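>>> how does the following fold in three dimensions:
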Amino acid sequence: MPKEGTVAPPFTTTDADGQTVSLKDLRGQKVVLYFYPKDDTPGCTKEACSFRDAFSQFKKRGIEILGVSPDKEASHQKFTAKYKLPFTLLADTDNAIADAYGTYGEKKFMGRTYMGVKRTTFLIDEKGKIKKIFEKVNPEEHAREVLDAFKD
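Prediction:
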């Protein structure tokens, strides 16, 4: 996993509409890059909706929000439409971005071990450096926590 203060790993992928998104094209902007396991599941929906509900505050401060999961573009389209998500969701179907950020790995749930995306958020500054990493995320409170971290 990259460390705070280091340059964020570059990536290029597609969004829900099939448009190409590259981190390098967002230089000069603050970026919230949040990794989540799966569209339209309880925790992921709470997290996405917390960002949706605080979106105007992020926009006012010039902060771009990017959600990343292994779901395909069509799944992102449905998830975005169902919950009226005003920010970009990125398709990472081969887990290449999650691997680069160290968020794909072994997980445990209800006594079962499996591979998957760990809910993690990276705050990236205008110069492309990682300002803060959240590894323990409370989906419902997360947007407020992220906004607070961008205050300094």
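>>> tell me where the model's unsure across the protein.
Along the chain, the model assigns pLDDT under 70 to residues 152.
>>> ok, which stretches of it are strands?
Using DSSP state E, the strands of the chain run over 12-15, 20-22, 30-35, 63-69, 88-91, 104-109, 112-117, 120-124, 130-134.
>>> ok, for E126, nearest residue in space, not its chain neighbours?
In space, and not counting its chain neighbours, E126 is closest to G28: 5.3 Å by C-beta to C-beta, 6 or more residues apart in numbering. C-beta: built from backbone N, CA, C; applies to glycine.
>>> and the gap between the one you found and T41?
The gap separating G28 from T41 is 34 Å, by C-beta to C-beta, to the nearest Å.
>>> pick out whichever of these two has more residues nearby.
Taking other C-beta atoms under 10 Å, G28 and T41 do not tie; T41 has more neighbours (13 against 10).
>>> gap between that one and I63?
Separation of T41 from I63 (C-beta to C-beta) stands at 25 Å.
>>> with P139 instead?
19 Å.
>>> distance of the residue nearest to E126 from N138?
Noted for G28: a distance of 30 Å to N138, by C-beta to C-beta.
>>> could you dump the strands of the chain into JSON lines with mean neighbour count added?
Listed next are the strands of the chain as JSON lines, based on neighbours: other C-beta atoms under 10 Å:
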{"stretch": "strand 12-15", "mean neighbour count": "17"}
{"stretch": "strand 20-22", "mean neighbour count": "13"}
{"stretch": "strand 30-35", "mean neighbour count": "23"}
{"stretch": "strand 63-69", "mean neighbour count": "23"}
{"stretch": "strand 88-91", "mean neighbour count": "21"}
{"stretch": "strand 104-109", "mean neighbour count": "12"}
{"stretch": "strand 112-117", "mean neighbour count": "12"}
{"stretch": "strand 120-124", "mean neighbour count": "23"}
{"stretch": "strand 130-134", "mean neighbour count": "18"}
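>>> dump the ones you listed to CSV, plus distance to T80.
CSV is the format used below for those (distance: least, C-beta to C-beta, whole Å):
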stretch, distance to T80
strand 12-15, 9
strand 20-22, 14
strand 30-35, 15
strand 63-69, 9
strand 88-91, 6
strand 104-109, 23
strand 112-117, 18
strand 120-124, 19
strand 130-134, 22
